[in-house]
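1. I would like to see how this sequence folds:
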Amino acid sequence: MVSHRNHSTHPAKPAAPATQPPQWQPLNWSFPFAPKNGNPADPRTWLKALASGDGGFYPLGANGMFHGGVHFDVGTGGALTQGKGVQAIADGEVVAYRLDATYPELTYPTTPPRHALYSTGFVLMRHKLVLPPEPETSGTSSTKASPASSASATTASGTQTYQPPADEVLEFYSLYMHQLDWAGYQAVQADAGSSSALSIHPLPFWQGDRHFLVGGKAGDRQVQPPQRNTPFRFDLASAGSNVHALGDGAQLGGVAAGPSPDSLGALAPYADSKVRYALPLADAASAADAPQGVQGVRILDRADGTVIGLLPRGGELNVVGSAVAGWAQIAKILKGSPVAAVAGATPDPRAVTGWVNLDALDVVVDPKPLDTVVVLDKPYPVKAGDVMGYLGEYQNSSHSQVMPPTPKRSLLHVEVFSGAQIESFISKSQDRAKKLPESGRTLLVIQQGAKLVKCPDPQSNAQLAGLKLELAKGDPGKGCWAKVQPTRSGPQSVGRVRGRAPQVSKTPVGSPLWVERQYAGKVAGAVVHTWSDFPLQIASAQGPAVGYQQVLSRAQLEQSTDNGKAVDDQDKGGAQWWSIAAGNADGSTILGWVCEKDHPDTQWQSPWAWPGFDTVDTTSIPLLDLYRRNLFEAKQLLDGEEEEFSVVAATVNAGPLIGKLEKAAKRQGDGNGNVTPADLKNALTVPWLAEAVSHLIVRYESEWGGDMRKWEGLSKLMGDGKYVWQAELERIKRLQWWDAVKAVKGFPAGPEVWHIHPIGLIGNFTGAAGAALTLEEARVRAFLRMIRVGEGTESPIGYERLFGGQSFIKDYSRDFSDHPRILITRTNSKGKTLRSTAAGAYQVMGYNWDDPAFVAYRRQYKISDFTPISQDRYCVILLKYKRRALEDIKKGEIQRAVIDDRSNLEWASLPGNDYGQGGVGMSTVNAKFSEYLNDELSGKSDLAVPIGGLDDLIK
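-> Presented below is the predicted three-dimensional model:
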């Protein structure tokens, strides 16, 4: 909360919102799980984690057969936070799912029989990747393309979004397979105090009987009754008085609204024909004797209407209709009883069938049906990063048990596929990329043949001893080297001025030099290592050439350590350099520096150019031949098989899939095509090899559909294991779901589809909205989000929140055209009366918003309204010009920004102030900042301002 003062302000008349034309909206992306450590902006963090997995590699599984996804299990859990559920990889919608009642049990016909559990549960999402529109040129119109209704969308407010041509939309699907069974959810719910219970929740799109619980999300509270013997005020508008006055939106408190009698004189200036009767709240003494308000969810007389009661926490209810979000009418209260909106008042009988906001309630669901594929009549919209389920059980024969089996091997399969003509889409996308603004070229492509720059040996300079290395003109202010001017200090020869300390003279000695930044601003020791010019020069690019193309996002590069970044002389353009590792022709590691501009054999490309991706159609290779090839390469042959299998292996190895895999996974290979699943696993630990594998797009028949005869054909190769294989055939059949999902509009009719590595796809498009996200911008964005935690405004609705928790839109009929300037009075738990006009995500005070100096800043930075984006930008103005904290935030000096720069005087919820309004401690500040920084660098954000939208303020 912003520090509050008693300022009287008046409401401004809302301006009519301007109608905006439909805008292209890029997909938001999220990696399936957050990393426990490592670079959160680097897809190689996840690829390296996958190398620790027990199997399930892409695009060949441990058995050498095609595998269209990747596995997350106990091995990857050491590097990734998997307990909180798998996250949707991109914005989209759930179209189908299956939930096991209990895990199916597979019985192997051994002596004695052995048993294995496995999950058939899955969630299937549909996504639409839409090309950005071609930039307009003189005389052209953005509406020239014919709309494709299948790719259009409508926002919650009813605004029509951008409608692209049909051939500019790639429809693809993400699959989250082998999920937790219903029995697992129930076991977690029964152990309500466990950490799992806090992390595992039913999924909102499940069908079946459901009701709602007033739980921890419900934060509404009864208000205190008004003071006795205090007259109603009919003559004051809410923002101009020190009373608790509410509009005709949702209301809590002693307020009434009704028709305006003709006998009344001048009334408060409201636009409609109603008069508000506003009551002062209780003072501190009266509040101490008043009934304590209970906490729960407010009940309204209609959607966005007037509060008529509150159902306390612990209450349960069901609603009319099938809504799972937003407003819904109560059908029946199953547990608990409504109380009045005002503590101590008589409950309103209408509350038992009033309206509640389901977003404030927990879902309690009895999912039906179980053990079958459920195709949703209406797809359920999902945002990138939303939880799509939890790891389930998958036991192979090696994990089977003689005793009744118990879960012991958690696993989740994540897969991305498309039935569309992906090659033509990529071709069109690459053409479009050439026409898009250069600001959107966020991927640095280091081509095969590029040479890296080595740092030359420094000079050992003993002549600088005792001289101070002052920062020189042109020093970039960051990077591992600093430009300094050696300076000799001494007293001035001019006589001392009475009452003043003697002046110190500074005499430059020699020319500016470059030193390691740690020595800048200090007195030089006996020997200093120096460079006469900036150490890195493109002309010095020599040595072994890069043997593998690499694609690195700017966000990845910005996450380099301080010793891995350098910036040239500002007077010469200040070019950025990064230290990278690459592979030479034989796959050995080479180290060196790459420059952001003019470096030979490197270029910045747009994600829409799909740099490094390659497609290969392998549908002509029978499953049987892939398996026979694997037996041959693994030397697992029976007598008489070698000759026959060698011919099959040679044929498969000569195909494009194995050829490309060999080049990627075996350090260019020897042309024999003998790449194995073990090679793929090892490749994931080598960054440039892992990247090459993750950029292969392969067409093959999905294991989740197709004729079972392709699997039955393997039986003749199983030898003594044929009885075990017969049990596996039962499992394969039960896992298939393709035919059951054919009813989904647009779903591929056949299972021969293009498979895309999930990490490769996400890594390419994270941050594809436009400008690159720098580490400094990510820190600023994370700081903004951290502020909102203490202010209680961290959800999207926080942008419309007033001091005290109400919405100036729903409760006061205002909009985002301007700061609402509504004065709210509250008494806190210590009896202190607080009055505030704070509003929005950063609880900006009305007098602050209207301060002439900050009106000028708003005009300078073109902030003309109070929309969410404007609120984000205005908060940065406060940090930059009022608190002078922006530079410390950009450096990651968070405690300094909060305490030393006194950001805690602007937001009383931050630690270290004397306002006594409560808030968060420094440990929470640091933890939330770190969490949000990882989010931002991973492409996840709930800020309204887009990446690059703060550039004019922070650069």
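2. Could you state which residue of the protein sits nearest its centroid?
-> Central residue of the chain (C-alpha atoms, centre = their mean): K940, 1.6 Å from the mean position.
3. From A41, how far off is that one?
-> Distance, K940 to A41, using C-beta to C-beta, to the nearest Å: 11 Å. C-beta coordinates here come from the backbone N, C-alpha and C atoms, glycine included.
4. Equivalent analysis for A856, please.
-> For A856, the distance to A41 - C-beta to C-beta - is 36 Å.
5. Equivalent analysis for D951, please.
-> 18 Å.
6. Name the residue in these two with the higher neighbour count.
-> A41 (25 against 12; other C-beta atoms under 10 Å).
7. Touching, the more buried one and S553? I think so.
-> Yes. Assessed by C-beta atoms under 8 Å, A41 is found in contact with S553 at 6.7 Å.
8. any residues in contact with both of those two?
-> By the contact definition C-beta atoms under 8 Å, 6 or more residues apart in numbering, A41 and S553 are jointly contacted by T766.
9. tell me the secondary structure for E171?
-> strand (DSSP: H, G, I helix; E, B strand; the rest coil).
10. does it really touch R126, like I thought?
-> Yes. At 6.6 Å, E171 counts as touching R126 under the criterion of C-beta under 8 Å.
11. intersection of neighbour lists for the two?
-> With contacts taken as C-beta under 8 Å, 6+ apart, the residues that reach both E171 and R126 are G746.
12. Now do the contacts for the closest residue to L203 other than its chain neighbours.
-> Residue nearest to L203 in three dimensions, not counting chain neighbours: G389, with 6.4 Å by C-beta to C-beta, 6 or more residues apart in numbering. With contact set as C-beta under 8 Å, 6+ apart, G389 has these partners: G85, V86, G121, V123, Y176, Q179, L180, L203, L412.
13. circling back to that earlier point, residue contacts, the residue nearest to the centre of the chain?
-> Residues in contact with K940 (C-beta under 8 Å, 6+ apart) are N28, S30, A384, G385.
14. same check, this time on L464
-> P486, V509, A524, V528, T530.
15. Which members of those are classed as buried?
-> Among the contacts of L464, those classed as buried by 16 or more other C-beta atoms under 10 Å are P486, A524, V528, T530.
16. Dihedrals phi and psi, the third one?
-> When you say that, I think you mean V528. The phi and psi values for V528, taken as degrees, to the nearest 10, are phi -130, psi 130.
17. Go ahead and confirm it touches Q463.
-> No. Using C-beta under 8 Å, V528 is not in contact with Q463, being 9.0 Å away.
18. what's the neighbour count on D568?
-> Neighbour count for D568, taken as other C-beta under 10 Å: 24.
19. Give me the pLDDT value at it.
-> The model reports D568 with a pLDDT of 96.
20. which residues does the nearest residue to G215 once chain neighbours are set aside bridge with?
-> Using C-beta to C-beta, 6+ apart and skipping the chain neighbours, the partner closest in space to G215 is D362 (3.9 Å). Counting by DSSP bridges, D362 is bridged to L213.
21. now D362: how far from G389?
-> Taking C-beta to C-beta, one finds D362 at 18 Å from G389.
22. Stretch 209-225 - what's its average pLDDT?
-> For stretch 209-225, the mean confidence score works out to 83.
23. Sketch out the low-pLDDT regions of the stretch 501-650 of the chain for me.
-> 501-503 (pLDDT under 70).
24. Apologies, that question was intended for the stretch 151-300 of the chain.
-> For the stretch 151-300 of the chain, applying pLDDT under 70 flags the ranges 151-161, 192-198, 226-292.
25. at 80 instead, please
-> 151-162, 189-199, 216-217, 219, 224-293 (pLDDT under 80).
26. count of residues packed around the nearest residue to P796 once chain neighbours are set aside?
-> Residue nearest to P796 in three dimensions, not counting chain neighbours: D942, with 6.5 Å by C-beta to C-beta, 6+ apart. D942 has 17 neighbouring residues, counting by other C-beta under 10 Å.
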